[in-house]
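Q: Fold the following, please.
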Amino acid sequence: MKHINKWLMLLWLHFLCIATVNADAAEVNTALAAAPLRFVQNKGQIADQFGKYRNDIDFVVKAKSLNLYISSNGLHYQWNKGNKETPQVESYRIDMQLIGAKTTAPITADMQTYYERYYGPGYSNDGLVVRSYRRVIYRNVYPNIDWVLYADDKGQQLKYDFVVHKGGNVADIRIAYNGAETITIEEGQLKIKGPMGTITEAVPYTYYEASKETVSSAYTLNGNILSFNTADATPQQTLIIDPSLDWSTYFGGFNVECAYAVSSDTAGHSYLVGHSTSSAGIATIGAYQTIYSANKDAYIACFDSSGSLLWATYYGGSNSDNFFYVTTDTLGGVYAAGITATTTGMSSTGAHQSTFGGGVSDAYMVKFDATGARIWATYFGGSGDEATTASFDDYMVSITWDKATNKVYLCGMTTSSSGIATTGAHQTTIGGMQDGYLAQFNTAGVLQWATYYGGAGDDKIVKMSADTAGSVYVTGITSSSANISTSGAHQTAPAGGVDAFVAKFSTSGVRQWGTYYGGSNDDGSSGIANDRTGNVYIAGATTSTSGISTTGSFQPSIAGSGPTDAFLIKFNPSGVRQWGTYLGGISPDNTSDIAIDGNNNICFSGTTGSVGIATPGAYQSTFGGNSDAYLAVFGPQGTRTWVSYIGGSDADNGFGISYSRTGDLFIAGNSGSLTGIASPGSHQMALSGSQDGYLAKFKADTSAYVTSILPVSVCQGDSITVNYAITNPFLSGNVFTVQLSDQFGSFGTTTTLGTKTTNLPGSIRVRIPETVAAGTLYRIRLVYSAPTGTGYGSSENLTIRLKPVKPAATSNSPVCSGNMFAFTAASTTPNVTYNWVGPNGFTSSSQTEFITPAPTNVSGKYVVTATLSGCISKDSFIAQIDSTPVLPILTSNGPNICGGNTIVLTASSATAGVNYTWVGPSGFSSTLQNPAITSATTANTGKYVATAKLGNCSSKDSLIITVFTTLTPDVNAVINPSANICLGDMVTFTAAATGGGTSPTLQWYLNGMTISGANSNVWTSNALTTGDVVFCTYTANWPCLTKPGDTSNSFTINALGNVPPTAAITASPGLNVPTGTAITFTVANSTNMGATPTYRWMKNGSLVMTGSMPAYIATVDRDIRTGDQITVIMYSSLVCAEPDSAISNTLTIGANIQLGVGEINTAGDWQLYPNPNDGKFTLQTNKATKASYDIDITDALGRVVYRDKLLNKNGSIAHSIQTNNLPAGVYLLRIQDGDTAGYLRFSVVH
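A: Numbers count the residues shown, from 1 in each chain. Model (predicted):
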């Protein structure tokens, strides 16, 4: 039960319309009673008597003698009466017109039954398909008023209701009857009479939707216009919508059937499973197994949303077989699980376990498609048994599908010690005689993992459920004291008897937590479900008086006298109990299964023998007898909302329950009652055997659900159409909000995509934000405001593909024609492809493009598209290609200009209107077309560029101007050794030339004739003779010259024959000098010795010095003495000298003048070092006896070049001497102390 809006009035004006024919007709009967009423849609097959198609007619109801034509503004009754005497048919029509009705009111037709196919002109080869329905709704035919037309439960009477929502006004409903003979109100009924029949409108039945409270109402007739009087209607009232039975049916044959579970798919189909002992009344024609095998067979049956059986099949072999549970996926798969004792024929080829495991029974599971075709089937079991009759309830095995991981889970109990658990599972060995088990399969039937669950006692997993995050929860019964709970759990140890338990596993099979649940007596859990936020609910039966409920719960205490009460418990995802409650009366009560509706309400089914558990106004508020099934709805906080019995006077049980995405609640069970189960017009309205299964469908709530998403794969930023349907009309002002899950399909975090204010079904166009991450598991759901609630997520996943980041398009535009036009795009998203489109049909799939040369007609818009997996982002730019002027023609008075002259530059272009700009060396620039540069210098040499510019584009050309200095050629020649030579001497002539420019030429002449090959600046010859004249000419190569060339000075050669050399020496200061005097012997005169003669100085015929020195220095009484003879042999460097040397005169040393001066011992007492030296040396002694000494230095010519005084310091002298610029040679150092003197010789080298 759910409060939809705080203040709202919803009235139902209910009419039973009976149309009859007159007594004089062929038969006196209700004209509509011949066949079940169906509303057949008009797809163009209805025409009037003139052959004109009646597009204003929406539906037609055909009967034996009466046709009803329905449109948004009323009904048209047409009677047809045959004549026995003629083939003619008489017709008569009465029109019921809804005055002021909205002719474009939205139409909803449901409960589809069958279709017809018309063939004929104007139709395709496949014919025209026309569908029929059991109910038609015109929405808002008047403001906030719906008009609902339908057939009664037997399908033989037309009924219609006006549903007045909040804001609707009953006074707006006014009906005009045209064509009637009389219109009267008799005993509250409206009778409209015509010549061929009477229309009777029953007394109006008006009530509030919430409380079903009747509202006083009556017809008001004014002429032929009918209206309604509901004066005492409350203008505002809280609306409560309860689950209302849509349909219910038995399912069984002549023997015994049990129905254990039901599941619904996204198409609104429901699947019922159980077992049968009847050989007929179960399978449909063409089903997978149409023949009953033996003993007991499992079955599965599929019903459409209106309760019509679509298909059903046996499933079994030679022994007992049962389906205990069924689940569906969103991809058309149907999975059923059960227990079998049949050892062959139950599995498919290549299945996980294709052979019977052993023992008395195995579990098994089968996958069907939505049409009933088997996809695969497998046994699951070991050498022991997977079933026992000593069970707390009837369930032996269960199955569920996990949408988050697209995996299928199987659970149950086993006594097998092998063939169950997989390696590395949570519990790989059986804990006792009987353990529970949990196995995960993929949708192809391949086992992923499996585990035991239990201790040393007996354990059984009864049911399981998966949350939106992919975790799986199990619940059941245990008598084990270990291996059940985890540390810190809600209840870590059993309390007594057998206890219920609940445990949570990850998708990989790792246990997250586990807990016992129970009191001191026996407790067992048989139902489990998860809500959208991951909370988990368990339900079952208990005999314990404590440990079950929480303070302040709906029923905190066990009822007392009954052996068992049902219980309902809520845990959060971490295993912390939120609340718990009993549910029951004085007789046995238990719970079998749980489903969560679209608003997180807990719907559960069970069996009760207690009176007084139903809520007021429930579908069945009184106990039927023996045992009844019950259906209960609790809110997320544990508040009881609605409870109803389902059953008759005999034994009835409630087992399976399923909540569909379309807002429907299904319950399945067994019944032995003859009444109180099936609804009129259902598939099987009567009990066939001693016990049948049954399936009931309740409209549980006003909700909306997504029927499809178009498309199901989009890019970030794209729009989608969300198509949705509703279970019941919403209130005026309702706002639908479209929410997007996270990328894993969880609605824990949502993104609002859009809203729509309406109370009707339809579609909503929304846009996916570009900020949403890419993913393949997104889902869509609707949230609504009147009433408030949240619809289920979409059954199909939405794939959001990555949209590339916008590619940044760049270019070098604007570009002038003839140049390269380049453009590129770059997206930060990797692996994208690029596509360009541009002017004149330009296309490219390159990231970067070049157009060379670019013409002006490529100007325009360029668009680049970055594509990744079908998702695109675009960018663009406008390219501007301007015209480039024709290349200018440049001329000058050059290219060579002499310095000081004027440079004249000219430019011209074939393009009119251009402007010119000149640039050149030394910062030259000009905007003149023909500029000039006066007094040019070499700095004006270089490239001159002229640019012709038109708008933003230009073309340019250049020329080279060279400014040359004016040169004067000059050449001079020298001769070596001289013009006077010996015959055969080598003579070298060298020319020094300037002012010749680049690559001048030089030519040597001999006696006025050119010397072949003598073109370098040096010419040599050893063949010159006396009188030969040698000179050269120098020819310049330069644009600017004062003269073309120059002639050098000339040389006249004087070549001598063989000549004798002579030499003479002198002595200075003389030959008779005092002892110690240095005498310099010098070559005073020589002939024919050449430029580089050499000398051999001789003393008394012995060599004393040789080399190039023209002088010899000797000190009297040290180097020379009285009577010594000095001569020099001088060697000529002339080739023509004969002989090659000459001996000089001899000088004899005379008697020395003795001055009585002592001699200083320089050989041992004084040291001079280094020697030779560069003019810097040290004079040292440690035997100084005088207070001071005078020193001087004399060169080879006897000149004194240095003087100094040395001071005695304690008998030692160490004096550094530094002379300046002494030329290389031999020098004499004299030391004097006044009475004596000493000499030291040293050489200076450089």
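Q: what residues are up against the residue nearest to the spatial centre of the chain?
A: Nearest to the mean C-alpha position of the chain, by Cα atoms, centre = their mean, lies L802 at 5.1 Å. By Cβ atoms under 8 Å, 6 or more residues apart in numbering, L802 lies in contact with 715-716, 774, 829, 868-869, 871. Where C-beta positions appear, they are placed from N, C-alpha and C, glycine not excepted.
Q: Now distance to F162 too, for these, in CSV please.
A: Below are the contacts of L802 laid out as CSV (distance: Cβ to Cβ, whole Å):
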residue, distance to F162
C715, 47
Q716, 47
A774, 50
T829, 58
L868, 55
S869, 53
C871, 50
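Q: quick one: which of these is nearest to S741?
A: Checking these against S741 by Cβ to Cβ gives A774 as the nearest, at 13.9 Å.
Q: burial measure for the closest one, as a count.
A: Using other Cβ atoms under 10 Å, A774 is surrounded by 16 other residues.
Q: separation between the residue nearest to it when sequence neighbours are not counted and T755?
A: Leaving aside its sequence neighbours, A774 sits nearest to L802 (Cβ to Cβ, 6 or more residues apart in numbering; 4.0 Å). Distance of L802 to T755, given as Cβ to Cβ, to the nearest Å: 27 Å.
Q: ok, now L1024?
A: For L1024 relative to T755 (Cβ to Cβ), the value is 122 Å.
Q: Might one say that V510 is in contact with A425?
A: No. In this structure, V510 is not within contact of A425 by Cβ atoms under 8 Å, at 9.6 Å.
Q: With neighbour numbers in mind, choose between these two.
A: A425 (19 against 13).
Q: So L1024 and T755 - more neighbours on which side?
A: Comparing L1024 with T755 by other Cβ under 10 Å, the one with more neighbours is L1024, at 23 against 15.
Q: can you tell me which residues contact the spatially closest residue to that one that is not a sequence neighbour?
A: Leaving aside its sequence neighbours, L1024 sits nearest to I1053 (Cβ to Cβ, 6+ apart; 4.5 Å). If you count contacts by Cβ under 8 Å, 6+ apart, I1053 has them with 979, 981, 987, 1024-1030.
Q: So the residue nearest to the centre of the chain versus G754, what's the distance?
A: Taken as Cβ to Cβ, the span from L802 to G754 is 22 Å.
Q: list the helices and strands the helix or strand where V945 lies packs on?
A: Using DSSP states H and E, V945 falls within strand 942-950. In terms of contacts (3 or more Cβ pairs under 8 Å, 6 or more residues apart in numbering; DSSP states H and E), strand 942-950 is packed against strand 889-892, strand 903-908, strand 915-920, strand 953-964.
Q: buried sites along the shortest one?
A: Buried positions in strand 889-892, judged by neighbour count with 16 or more other Cβ atoms under 10 Å: 890, 892.
Q: after it comes which helix or strand?
A: Immediately after strand 889-892, counting by DSSP H and E, sits strand 896-898.
Q: roughly how far is that next one from the heart of the chain?
A: 70 Å (Cα atoms, centre = their mean, to the nearest Å).
Q: Kindly report the same for stretch 405-422.
A: With Cα atoms, centre = their mean, you get 39 Å for stretch 405-422.
Q: Would you mind putting the CA coordinates of it into CSV?
A: Extracted in CSV, the C-alpha atoms of stretch 405-422 (Å, rounded to 0.1, in the frame of the first residue of the first chain):
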residue,chain,number,x,y,z
THR,A,405,27.7,-9.7,-13.3
ASN,A,406,25.4,-11.6,-15.6
LYS,A,407,26.0,-14.8,-13.6
VAL,A,408,23.6,-17.5,-12.5
TYR,A,409,23.7,-18.9,-8.9
LEU,A,410,22.4,-22.3,-7.8
CYS,A,411,22.0,-23.2,-4.1
GLY,A,412,20.7,-26.0,-2.0
MET,A,413,21.8,-28.9,0.2
THR,A,414,23.9,-31.9,-0.3
THR,A,415,25.2,-35.0,1.4
SER,A,416,27.9,-35.5,-1.3
SER,A,417,31.5,-35.3,-0.2
SER,A,418,32.7,-34.7,-3.8
GLY,A,419,31.5,-33.2,-7.1
ILE,A,420,30.4,-30.0,-5.4
ALA,A,421,33.1,-27.5,-4.4
THR,A,422,35.8,-26.1,-6.7
